[in-house]
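Undergrad: coordinates for the following, if possible.
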Amino acid sequence: MSKGKRYEEPKLNLKKVFAVIILFIVIIMCVVMLKGILDGEDMQGGNITSIDYFAAYQNNKWGVIDSSGNIVIDPAYGEMIIVPNSKKDVFLCTFDVNYDDGTYSTKVLNSKNEEIFTNYEQVEAISSTDENQNLYYNGKVLKVQNAGKYGLINMDGKEVLPCEYEEITALQGVEGALIVLKDESYGIVNDEGNILIPTEYTEIQALGEETSQGFIVRNADGKYGIVDTSNGQVLAINYDGISKIHQGDYYVVTEGGKQKVVRKDGTEVLNGDYDEIIAILKNPEDGVIYKDGEKFGIMNLSGEKVINAKYDDLKEAKTGIFIAKTGENYGIINQVDETQVEFKYRGITYNDSADLYVAEDENYNNEVLNGNYEIKLTGMVTDLDNEKGYIEIRQDDEYKYYNFRFEEENEADIFTSNTLFVSKQNGKYGFVDKDGNIVVDYIYDDVTNQNAFGYAGIKQDGKWGAINREGKVIQEPMYDLEEYLQIDFIGNWYLGKDLNMNYYRK
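TA: Numbering: from 1, shown residues only. Model (predicted):
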């Protein structure tokens, strides 16, 4: 009971009321922030970001860690645990594997080690490969099985496609598109469960990298055509074959064992003297890249060979400009076969967004050329980010950053959430903060940039270790990683050698 003075006619103190309201709001905000942290949020360089999850390997067993290096699922499984979406605590475990008959069991765990999605006989991730044959998983849906039939659920366990299909697989080359098989016929659905193409074809392939470009289909008579995402006919289904080569309304088809170029309405525009059509030029009216034997050239739509087949490789960089190969060396030519860049490189790639070329010599060093073929940078290009608009290049054992105008950028202005930045003095590496203050002394033989989770690798006496975002050593250098293509740490876990598997070990 209060012993303060009691007023017979209490009056409302507005200042106190506002103070209480503000205090109440602050308490609510603190509770929300604390809940966010406990639910898997962490401070990364001053920003709150959600926790990521990764497969982990230790003592020949598999588990799961989070992006702070904490063990989420103890490494106790004989088969790799698949984490299809690093932002979701959905972990697919395989066990009771019988290698003789190919049978196995699956279960799904969350970050509390609870089994989820238990109302299905099997739950599996859907894998695919990119253009470089790197393995990845669909991060939006899982394939589930009941009574011998397959369907889809999302990462929250909601069914988006009923279990009524004989098979569901990724459509190679098109992210988010899936091939479904029902009653011996194929169709296409997306990873939201929407039917794009009904199950009425004997074969379906991707025409390009986007569903909007359509699909190559084959009917029961063995004839090929192209349909769009509403199953509307783009190119009549009456050809012996259709190549994954197109530009605008121009397509490459096969009739009677011969490749031809036709327009969308079926009009034939090229049927010339060549062994194979490799590509339609960016301006289709200019013609195609063709192949005779093992050599490449350019032919216009009149069948005239503008450039005879004499190159060992030929790719169009931008309209009228080509990266060509003679013997072991690459150069750049124009459409009338005039050399623009000398044939002296072991490789050349073109970046359309930045309008620049990255050329590589026999020692893996790079020269970066602008659209006028002027050499603007030399060194070893380690990253080219179209979204942020920068080039990362290693020059004289230091990482430097340039925008697409080839102006040097401050690393801190690009990686605004980073707390540590690589610095070098007297042949040794250390780290500074965004203001250039030394955080980690210059004592290391090599280091890595700080990664998205705040960790950086440090190398000393031939061994690798790691520091955290504060520059504190959390793993003394002890790992021999010379044969590893990429050095990366999460806590005291280091990235596995097989980058396709995307796992950490210790």
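
Undergrad: can you count the residues close to the closest residue to Asp66 other than its chain neighbours?
TA: Spatially, and ignoring its direct neighbours in sequence, Asp66 is nearest to Ile51 (4.9 Å; Cβ to Cβ, 6 or more residues apart in numbering). Placement of C-beta: from N, CA and C, glycine included. Each residue near Ile51 was counted by other Cβ atoms under 10 Å, and the total is 19.

Undergrad: mind checking how far Ile51 is from Ser68?
TA: As for Ile51, its distance to Ser68 is 7 Å (criterion: Cβ to Cβ, to the nearest Å).

Undergrad: state the phi and psi torsions of the residue nearest to Asp66.
TA: Summarising the backbone geometry of Ile51 under the convention degrees, to the nearest 10, its torsions are phi -70, psi 140.

Undergrad: relative to Asn110, how far out is it?
TA: Per Cβ to Cβ, Ile51 is found 13 Å from Asn110.

Undergrad: got it, and Gly457?
TA: Between Gly457 and Asn110 the distance, using Cβ to Cβ, works out to 30 Å.

Undergrad: mind checking which of the two has more residues around it?
TA: Under the criterion of other Cβ under 10 Å, the comparison of Gly457 against Asn110 puts Gly457 first, with 25 against 15.

Undergrad: residues contacting the residue lying closest to the more buried one once chain neighbours are set aside?
TA: In this structure, Gly457 finds its nearest non-sequential neighbour in Thr448, 3.8 Å apart by Cβ to Cβ, 6+ apart. Residues in contact with Thr448 (Cβ atoms under 8 Å, 6 or more residues apart in numbering) are 456-457, 487-489.

Undergrad: tell me what Asn334 is bridged to.
TA: Ile321 (DSSP bridges).

Undergrad: domain-wise, how is this protein divided?
TA: Under automatic domain parsing, the residue ranges defining each domain of the chain are 20-50, 419-506.

Undergrad: the ones you listed: which one's closest to Asn219?
TA: The minimum distance between Asn219 and these falls on domain 419-506, with 36.3 Å, by Cβ to Cβ.

Undergrad: just the mean pLDDT for the closest one, thanks.
TA: Model confidence over domain 419-506, given as mean pLDDT, is 96.

Undergrad: repeat for stretch 131-140
TA: Rounded to a whole number, the mean pLDDT of stretch 131-140 is 89.

Undergrad: that one: which residues count as buried?
TA: For stretch 131-140, the buried set under the neighbour-count rule, 16 or more other Cβ atoms under 10 Å, comprises 136-140.

Undergrad: what segments of the protein are helices?
TA: The residue ranges that make up the helices of the chain, judged by DSSP state H, are 14-38, 411-414.

Undergrad: mind telling me which of these the model trusts least?
TA: Among the helices of the chain, helix 14-38 has the lowest mean pLDDT, at a mean of 38.

Undergrad: remind me which residues of the chain are low pLDDT?
TA: Along the chain, the parts satisfying pLDDT under 70 run over 1-49.

Undergrad: return the closest of the contacts of Thr448 with respect to Tyr311.
TA: Closest approach between the contacts of Thr448 and Tyr311, by Cβ to Cβ: Ile487, at 38.1 Å.

Undergrad: tell me the contacts of that closest one?
TA: So Ile487 contacts 448, 457, 464, 481, 494-495 (Cβ under 8 Å, 6+ apart).
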